[in-house]
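S.K.: coordinates only, sequence not included:
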Ligand SMILES: [Fe+2]
C-alpha cells in the first residue's frame, strides 16, 4: 500500500514521457481521434464495395449488398455532420487560409451523399433479388464511389488531421 502510494507520487511528479512531449492532452486530440475512427469505418465500407464490384455479376453476395446498403448513407451523414460541427471549425482555427479547402470538402460531402444514395438504391435492388441488368455499369458506379471516398479520406488524413492535431 505504502509502495503504491510512493509510486503514484513519483509518477505524478515525473515529466511527460518523451513520446508525449509537445502533444496536446487527450481532450484536445479527441476530434482527430474520432475522425480517424470514422475514416477507418469508411475505408472498411470501401473495401466491402470493392469486393462487391469484383464479384459482379455471378458471385455477388446479396446479403452483403443489403448490409452495405443499410450502413452507407447513415455512416456518411454522421461523418459529414461531425466534420461540419467539430472538425472544420477546428481546422479553420488551426489553418486560417483553409476556407476554400473547407468549402471544397463540404461540396464533396454533398456529392458523396448523393452518389451514395444512388448506389444504395442499386444495392437494395440486388440485395432483394432483382437481376443485375448491367454488371459493367454497376461496377463502374461502385468503383466511382469508393475511389472518390478514398481520395477524400486521403486528403483529410494528409492535410486536415495534422493541422488539428497541432
Ligand atoms: Fe470529409
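M.R.: Received the coordinates, thanks. Note that this is a predicted model, so its numbers are computed, not measured.

S.K.: For the chain, which residues score under the pLDDT cut-off?
M.R.: Applying pLDDT under 70 to the chain flags residues 1-25.

S.K.: how about the helices of it, start to end?
M.R.: 2-13, 26-55, 62-82, 88-94, 99-127, 135-155, 161-165 (DSSP state H).

S.K.: tell me what the third one is packed against?
M.R.: I take that to be helix 62-82. helix 26-55, helix 99-127 (3 or more CB pairs under 8 Å, 6 or more residues apart in numbering; DSSP states H and E). Where you see a C-beta, it was placed from the backbone N, CA and C, and this is true even at glycine.

S.K.: Would you reformat the helices of the chain as TSV and include mean neighbour count?
M.R.: Formatted as TSV, the helices of the chain follow (neighbours: other CB atoms under 10 Å):
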stretch	mean neighbour count
helix 2-13	8
helix 26-55	16
helix 62-82	17
helix 88-94	17
helix 99-127	16
helix 135-155	16
helix 161-165	17
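
S.K.: residues touching the residue most central in space within the chain, list them.
M.R.: Nearest to the mean C-alpha position of the chain, counting by CA atoms, centre = their mean, stands residue 39 at 2.4 Å. By CB atoms under 8 Å, 6 or more residues apart in numbering, the residues touching residue 39 are 153, 156-157.

S.K.: Distance check, it against residue 100.
M.R.: Distance check for residue 39 against residue 100: by CB to CB, to the nearest Å, it reads 22 Å.

S.K.: measure the nearest residue to residue 41 once chain neighbours are set aside to residue 95 for me?
M.R.: Closest residue in space to residue 41, ignoring its immediate chain neighbours: residue 75 at 6.1 Å, by CB to CB, 6 or more residues apart in numbering. From residue 75 over to residue 95 the distance is 26 Å, taken as CB to CB.

S.K.: ok, now residue 137?
M.R.: 40 Å.

S.K.: Just to check, the residue nearest to residue 41 is in contact with residue 43?
M.R.: No: contact criterion CB atoms under 8 Å: residue 75 and residue 43 do not qualify, at 11.1 Å.

S.K.: The nearest residue to residue 84 once chain neighbours are set aside and residue 164: what is the separation?
M.R.: The shortest distance from residue 84 to any non-neighbouring residue, by CB to CB, 6+ apart, is to residue 106 (7.2 Å). Distance from residue 106 to residue 164, counting by CB to CB: 16 Å.

S.K.: now swap in residue 44 and tell me
M.R.: Taking CB to CB, one finds residue 44 at 23 Å from residue 164.
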